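Q: Sequence first, predicted model second:
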Amino acid sequence: MDGIIVINKEKDYTSHDVVAKLKKKLNISKVGHTGTLDPNATGVLPILIGKGTKFSKYLINHDKTYKAKIELGKKTDTADVEGNVIEEKPVDTEYIKQNLVQVLESFVGKQEQVPPMYSAIKKNGKKLYEYARKGEKIEVEPRKIEIYKIELVEYNEKNIDFIVSCSKGTYIRSLCEDIAEKLNTVGYMKNLERLQVGEFNIEKSVLIDEVNIENIEKYLYTLEDILKDTPKLNLNSKKLKLFLNGVQLTVKEAEGLYKIYVDNKFIGTGTVKKNLLKRDIII
């Protein structure tokens, strides 16, 4: 039982809760997740099963798509619905109606974003939320992100629903606060649903209660599926022995990641650099 399941995470589950529940339901010890979702967030959570746990590094850099809701007029200390209100400002609904689409579109492109204090990013060996919980002020360096697309779904008085496609490392909570600021008010992320992680979208997901040991194969993507767009490289038995022993092989292929096959059997991955093939993951 090796591969990936795309879980549609429900509210009040942590990502760790999902892993723990699947371990018990499937009676398997090797289960992991990639792309943590907060308890109040819902949607796509890729779960790695068995040897699939070795492939997490190929998934963490994937782009993501979210549907989010901003509540305007209030700012919370956590930038989401779980926090305490620390500031309130009036909301000019007429101004927002006239400028909202333009403001949203202004965020498209490469930029720097300051992560929220209530996040797991580390500084000086401590997570930012540890400083925040103690009320300690600390400078947070901006990080480079990219917004590929952002579109308005609905605006209703103090609530904005929008869909955003973005790069790894984008904090939607910070984006919500920045959008509100550009609209001359304050706001926080009231709701968040992840619609897509790389190739895995909400339509291909399954609720955790629908998965069991009898039907797991129905929902399981194989290890090859995880790397479906990665080119193949075939080795003969002689080169395989060298490859498995960590010897770098001379090849003519272009640089990059490859799925490695022997007699049409997938055995793992390797990376080509300067015409040398280096072992990466062996399954």
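A: Ah, there it is.
Q: Need the residue closest to the centroid of this protein.
A: For the chain, the residue nearest the mean C-alpha position is G35 (3.7 Å; C-alpha atoms, centre = their mean).
Q: Who's the closest spatial neighbour of that one, skipping the chain neighbours?
A: Leaving aside its sequence neighbours, G35 sits nearest to V197 (C-beta to C-beta, 6 or more residues apart in numbering; 5.4 Å). Any C-beta I mention is one placed from the backbone N, CA and C, and that applies to glycine too.
Q: quick one: contacts for the one you found?
A: Counting by C-beta atoms under 8 Å, 6 or more residues apart in numbering, V197 touches T34, G35, V44, P46, L59, H62, K64.
Q: pretty sure the fifth one is touching L45, no?
A: No - using C-beta atoms under 8 Å as the test, L59 is too far from L45 to be in contact (11.2 Å).
Q: Neighbour count: these two, which is higher?
A: L45 (26 against 21; other C-beta atoms under 10 Å).
Q: which SSE is that one in?
A: In this assignment (DSSP states H and E), L45 forms part of strand 42-49.
Q: Okay, now the sheet partners of that strand, with direction.
A: strand 3-9 (antiparallel), strand 31-33 (antiparallel), strand 187-197 (parallel) (DSSP bridges).
Q: quick one: the helix or strand just after it to strand 187-197, angle?
A: Next in sequence after strand 42-49, counting helices and strands by DSSP H and E, comes strand 64-72. Strand 64-72 runs at 160 degrees relative to strand 187-197, counting by axes from the mean of the first three to the mean of the last three C-alpha atoms, to 10 degrees.
Q: coming back round to it: PyMOL command for the buried members of the contacts of V197?
A: Those of the contacts of V197 that count as buried under 16 or more other C-beta atoms under 10 Å are selected in PyMOL with:
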select buried, resi 34+35+44+46+59+62+64
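Q: Now do the helices for the chain: every range, in order, please.
A: Taking DSSP state H to define them, one finds helices in the chain at 15-26, 93-105, 128-133, 172-182, 216-219, 223-226, 237-244.
Q: Give me the contacts around the longest one.
A: When you say that, I think you mean helix 93-105. Taking C-beta under 8 Å, 6+ apart as the rule, helix 93-105 contacts 72, 150-152, 155, 157-158, 160, 162, 179, 182-184.
Q: Need those in TSV (columns: distance to K30, pLDDT and neighbour count).
A: Converted to TSV, the contacts of helix 93-105 look like this (distance: C-beta to C-beta, whole Å; pLDDT from 0 to 100; neighbours: other C-beta atoms under 10 Å):
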residue	distance to K30	pLDDT	neighbour count
L72	44	98	26
I150	37	97	21
E151	39	97	12
L152	42	98	14
Y155	45	97	18
E157	48	87	11
K158	46	94	16
I160	41	98	25
F162	37	98	23
I179	40	97	24
K182	45	97	15
L183	46	97	21
N184	51	97	15
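Q: so how far does stretch 175-191 reach from one end to the other?
A: End-to-end distance for stretch 175-191, by C-alpha to C-alpha, to the nearest Å: 13 Å.
Q: ok, the closest residue to L59 other than its chain neighbours to K274 distance?
A: With sequence-adjacent residues excluded and distances taken as C-beta to C-beta, 6+ apart, L59 is closest to T34, at 4.4 Å. Computed as C-beta to C-beta, to the nearest Å, the T34 to K274 distance reads 30 Å.
Q: I202 now?
A: Counting by C-beta to C-beta, the separation of I202 from K274 is 41 Å.
Q: For these two, indicate the residue with more neighbours.
A: I202 (17 against 7).
Q: Setting aside sequence-adjacent positions, which residue approaches the more buried one most closely?
A: Using C-beta to C-beta, 6+ apart and skipping the chain neighbours, the partner closest in space to I202 is L195 (4.9 Å).
Q: ok, the one you found - contacts?
A: G43, V44, T65, Y66, K67, I163, N201, I202.
Q: now the contacts of V197 as TSV including distance to I281 and pLDDT?
A: Compiled in TSV, the contacts of V197 are given as follows (distance: C-beta to C-beta, whole Å; pLDDT from 0 to 100):
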residue	distance to I281	pLDDT
T34	15	85
G35	19	78
V44	23	96
P46	17	93
L59	13	81
H62	17	84
K64	23	94
